[in-house]
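Asks: Next comes the sequence, and after it the predicted model I'd like to discuss.
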Amino acid sequence: MTSLPTESLMEYILVEYRWVIVITALLPLSLGWKVWSILRNYVVFKMNSAPKMHDKKVRSVQKQIKAWLSGDRSTQLCTARPGWQTMSFRQGVYKKTFTKIDVNLVDVLEVDTKNMTVRCEPLVTMGQLSRSLEPLGLALAVVPELDQLTVGGLVMGTGVETSSHVYGLFQHICLQYELVLADGSVVTCSKDENPDLFYAVPWSYGTLGFLTSVVIKVVPAKKYVRLEYHPYTDLTELSTRFRKESLEKKPHQFIEALLYTKDTGVVMTGDMVDEIGSDGKFNPIGKWYSEWFYLQVEKHLKSYQSGYRQTAVEYIPLRDYYHRHTRSLFWELKDIVPFGNNVIFRFLFGWLMPPEVSLLKLTQPEAVTKLYNKAHVIQDMLVPIESLEKAVLEFHEEFEVYPIWLCPFKVFNNPGQLRVKSGDWQMFVDIGVYGVPKAKGYETVPSTRRIESFVIQHNGFQMLYADTFTTREEFRRMFDHALYDKVRDSLPHCRDAFPEIYGKVNRDVRK
Ligand SMILES: Cc1cc2nc3c(=O)[nH]c(=O)nc-3n(C[C@H](O)[C@H](O)[C@H](O)COP(=O)(O)OP(=O)(O)OC[C@H]3O[C@@H](n4cnc5c(N)ncnc54)[C@H](O)[C@@H]3O)c2cc1C
Ligand SMILES: NC(=O)C1=CN([C@@H]2O[C@H](COP(=O)(O)OP(=O)(O)OC[C@H]3O[C@@H](n4cnc5c(N)ncnc54)[C@H](OP(=O)(O)O)[C@@H]3O)[C@@H](O)[C@H]2O)C=CC1
Ligand SMILES: CC(C)=CCC[C@@H](C)[C@H]1CC[C@@]2(C)C3=C(CC[C@]12C)[C@@]1(C)CC[C@H](O)C(C)(C)[C@@H]1CC3
């Protein structure tokens, strides 16, 4: 009989029993953090004291850059936000060697109900914003669903949600950016003022300057989302419905689909309403004892499979809808706390979930990192909506991970890193794959590279919060660098101060 080496045994325990640390240490710590940030945000917003402080905070960013300019400039610049605090999957190794600029700007500055905009600083989170806007009867036009995502990260990276088939990506609802550039100057840009810079900022990953405020479009909000569930047991039929709903002249306000196998899934269409109608039931999915959302959706599929044919309709409170995937981190939490959806656990501890992603990252043992490198896929691939079915089959072949998240979104034909075929816009779909691959022969690098080349061939893009294994040439084929290169050349000290986007997102610079 062979005995397990001590190291492997330790690894096994760390991976299988991660939940012990999560429940005994991370959940109480997460609670402390949440209480502090919710109270602080509430006080600052109510007292409206933040706008007065903003200019002072921007000056402190300028001061740090000027100090770098007057030094030997032997290092490049990045934000001082530690890698473990971010929602990006990996931590940048460059954080250890670059000069770190503190952009500690955390406040909602101004809500302009006349022009329907909100101005906020880059570290404002989605949870904080939806909480601040709700009492005013407003919401961002696109609310990326995880509470901890920040405005800065979503502008410099990208953001997508179920209203994106109407409004586009997060960048498309941003009307103005204020940045501190590598020469220490402050500039604002919009489609009319410094348009080149304005269009090059999204997807630039902090390689053009430091963002200090953003003006974002808001829309009127209602109390509930009336959500219809349409289950399917055939991929072609599901894709056809999904495409049709997304391309409708007057589409539903929210569209999303979850696939549970290659052939089965549920298309969801939703609209904001003020009253709960008699055609469906009230479902406050954000209550602490509620079942994880993706499992609730699967129940509609199961009842369809057992012969029930009536379209299910539910009325969900608006914020609960926006943050519906927060509590279970889509379905990632089931690998960390396998009994997290158990009814007793939910009633006792559901209100503490999810643990803060930052604390999970900070305390991640090496063995878990190894496991995620070897046997876990986290990818969002963005492909033209015509290629949806083909892409799902390709993902099935290479990864076989379910559920799969499908979310349609418009890419407007603006200058910048994203290319579209022609016309004013093109409809894409985000295919999100998060979980343990079951495909035979799966190997992280070759399998992901094959999917990346599929995406490039089909004129799609990859979200860069996760791993990219593309070469620099492939990366430049995926993202149009023409405007970006031009802007970098035109901004004083930009090339000295910042690496290229690829230099910040490729797998070799992220641990
Ligand atoms: C201090 C504190 C004490 C609590 N005590 C209890 C309790 O005793 N019993 C109980 O059942 N539940 C308790 N809760 C749980 C809390 O009410 C849960 O978030 C609730 O399950 C969700 O209910 P809701 O529909 O009101 O959503 P909301 O509270 O409006 O929030 C929905 C989601 O958004 C998150 N969120 C909201 N605002 C922010 C923000 N600014 N930044 C980041 N994330 C945000 C929430 O954590 C939640 O996941 C407590 C929460 C806190 C913070
Ligand atoms: N639904 C959705 O759309 C989802 C989106 N995501 C992704 O998560 C990421 C956002 O995570 P988050 O934790 O908010 O952000 P991060 O801290 O991970 O930041 C992402 C990038 O933006 C840069 N950046 C952030 N703030 C500034 C600033 N003020 N000035 C200059 N550059 C800045 C960072 O630069 P530096 O490296 O110098 O710190 C980094 O390169 C995005 O990439 C997004 O696409 C993830 C889940 C869901
Ligand atoms: C475009 C959309 C909708 C993207 C959704 C992305 C989520 C599924 C991602 C964002 C952050 C994310 C990468 C994360 C993880 C899972 C997938 C997440 C939640 C986890 C929790 C997996 C377990 C890991 O040990 C670790 C804690 C490092 C990460 C943290 C970030």
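Replies: Right, received. Where do you want to start? Numbers count the residues shown, from 1 in each chain. Ligands and ions are numbered 1, 2, ... in the order given.
Asks: Could you use CA atoms for every contact and neighbour count after this?
Replies: Noted.
Asks: interface residues of the stretch 301-450 of the chain facing ligand 1?
Replies: 320, 327, 351 (Cα under 6 Å from any ligand atom).
Asks: dump the residue contacts of the last one.
Replies: Which is residue 351. With contacts taken as Cα atoms under 8 Å, 6 or more residues apart in numbering, residue 351 has the following neighbours: 287, 288, 289.
Asks: out of the residues you listed, which are buried?
Replies: Neighbour counting with 16 or more other Cα atoms under 10 Å marks 288, 289 as buried within these.
Asks: For ligand 3, state which of the contacts of residue 351 is nearest.
Replies: Top of the list for closeness to ligand 3, among the contacts of residue 351 and by Cα to the nearest ligand atom, is residue 288 at 19.1 Å.
Asks: Can you tell me the closest non-neighbouring residue to the closest one?
Replies: Ranked by Cα to Cα, 6 or more residues apart in numbering and with sequence neighbours excluded, the top spatial neighbour of residue 288 is residue 351, at 4.3 Å.
Asks: about what we covered before: now render the contacts of residue 351 as CSV, adding distance to residue 402 and pLDDT.
Replies: As requested, these are arranged in CSV below (distance: Cα to Cα, whole Å; pLDDT from 0 to 100):
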residue, distance to residue 402, pLDDT
287, 25, 96
288, 25, 93
289, 24, 95
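Asks: Now do the same contact list for the residue in the stretch 251-400 of the chain that ligand 1 sits nearest to.
Replies: Nearest to ligand 1 in the stretch 251-400 of the chain, going by Cα to the nearest ligand atom, is residue 288, at a distance of 3.3 Å. For residue 288, the residues meeting the contact criterion (Cα under 8 Å, 6+ apart) are 346, 347, 349, 350, 351, 352.
Asks: what sits up against the one helix or strand the third one maps to?
Replies: Secondary structure assigned from DSSP states H and E places residue 349 in helix 343-349. When contacts are defined by Cα under 8 Å, 6+ apart, helix 343-349 is touched by residues 288, 289, 290, 291, 339, 340.
Asks: and of these, the nearest to residue 392?
Replies: residue 291 (27.0 Å; Cα to Cα).
Asks: how many neighbours does the closest one have?
Replies: The number of residues packed around residue 291, counting by other Cα atoms under 10 Å, is 19.
Asks: out of everything not next to it in sequence, what's closest to it?
Replies: Taking Cα to Cα, 6+ apart as the measure, residue 291 lies nearest to residue 341, with 6.1 Å between them; neighbours along the chain are not counted.
Asks: So residue 452: helix, strand or coil?
Replies: On the three-state scheme (DSSP: H, G, I helix; E, B strand; the rest coil), residue 452 is labelled helix.
Asks: residues contacting the closest residue to it other than its chain neighbours?
Replies: In space, and not counting its chain neighbours, residue 452 is closest to residue 470: 7.1 Å by Cα to Cα, 6+ apart. If a contact means Cα under 8 Å, 6+ apart, then residue 470 has 449, 452, 506 as its contacts.
Asks: Just give me the least confident of those.
Replies: The member of the contacts of residue 470 with the lowest pLDDT is residue 506, and it reads 93.
Asks: Show me where this protein dips below the pLDDT cut-off.
Replies: In the predicted model of the chain, residues 1-7, 14, 41, 44-51 satisfy pLDDT under 70.
Asks: Can you give me the neighbour number for the closest residue to residue 81 other than its chain neighbours?
Replies: Counting by Cα to Cα, 6+ apart, residue 81 lies nearest to residue 102, which is 7.3 Å off, once chain neighbours are set aside. Other residues within reach of residue 102 by the criterion other Cα under 10 Å amount to 16.
Asks: when you give positions from now on, start the count at 7
Replies: In the new count, where the first residue is 7, that last one comes out as residue 108.
Asks: Would you point out the most distant pair within the contacts of helix 349-355?
Replies: 294 and 345 (15.1 Å).
Asks: hmm, back to that, mind giving me TSV with the contacts of residue 357 and columns for secondary structure?
Replies: As requested, the contacts of residue 357 are arranged in TSV below (three-state DSSP):
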residue	secondary structure
293	coil
294	coil
295	coil
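Asks: buried ones in stretch 158-167?
Replies: For stretch 158-167, the buried set under the neighbour-count rule, 16+ other Cα under 10 Å, comprises 158, 159, 160, 161, 162, 163, 164, 165, 166, 167.
Asks: Which residues does it contact?
Replies: Contacts made with stretch 158-167 from outside it, assessed by Cα under 8 Å, 6+ apart, are listed as 127-130, 148-151, 174-177, 207-212, 217, 413, 415, 469-471.
Asks: just stretch 258-275 next, same as before
Replies: Stretch 258-275 is contacted by residues 168-169, 171-172, 233-241, 244, 247-248, 251-252, 276-278, 300, 303-304, 306-307, 398-399, 402, 408-414 when judged by Cα under 8 Å, 6+ apart.
Asks: and residue 399, that's in a helix?
Replies: Yes. Using three-state DSSP, the secondary structure at residue 399 is a helix.
Asks: The residue nearest to residue 87 contacts residue 83, doesn't it?
Replies: No. Using Cα atoms under 8 Å, residue 108 makes no contact with residue 83, being 10.5 Å away.
Asks: Between its first and last residues, how far does stretch 367-374 reach?
Replies: Start and end residues of stretch 367-374 are separated by 10 Å (Cα to Cα, to the nearest Å).
Asks: quick one: which helix or strand includes residue 17?
Replies: Residue 17 belongs to helix 12-22 when elements are defined using DSSP H and E.
Asks: quick check, that helix touching ligand 3?
Replies: No. Residues of helix 12-22 contacting ligand 3 under Cα under 6 Å from any ligand atom: none, with a closest distance of 9.7 Å.
Asks: Downstream of that helix, the next helix or strand is which one?
Replies: Counting by DSSP H and E, the element after helix 12-22 in chain order, helix or strand, is helix 24-27.
Asks: Any part of that next one near ligand 3?
Replies: No. Against ligand 3, helix 24-27 shows no contacts by Cα under 6 Å from any ligand atom, the least distance being 9.5 Å.
Asks: Please identify the buried residues of that helix?
Replies: Those buried within helix 24-27 under the rule 16+ other Cα under 10 Å are 24, 25.
Asks: who's in contact with the residue of the stretch 207-356 of the chain found nearest ligand 3?
Replies: Taking Cα to the nearest ligand atom as the measure, the stretch 207-356 of the chain has residue 335 as its residue closest to ligand 3, at 4.9 Å. Contact criterion Cα under 8 Å, 6+ apart gives 152, 360 as the residues in contact with residue 335.
Asks: Repeat that for residue 418.
Replies: Taking Cα under 8 Å, 6+ apart, we find residue 418 in contact with 174, 178, 426, 430, 431, 432.
Asks: Outside of the helix or strand where residue 220 lies itself, which residues are in contact with it?
Replies: When elements are assigned from DSSP H and E, residue 220 belongs to strand 216-226. By Cα under 8 Å, 6+ apart, the residues outside strand 216-226 that reach it are 64, 85, 109, 111, 122-128, 143-147, 157-158, 179-187.
Asks: Alright, that wraps it up for me.
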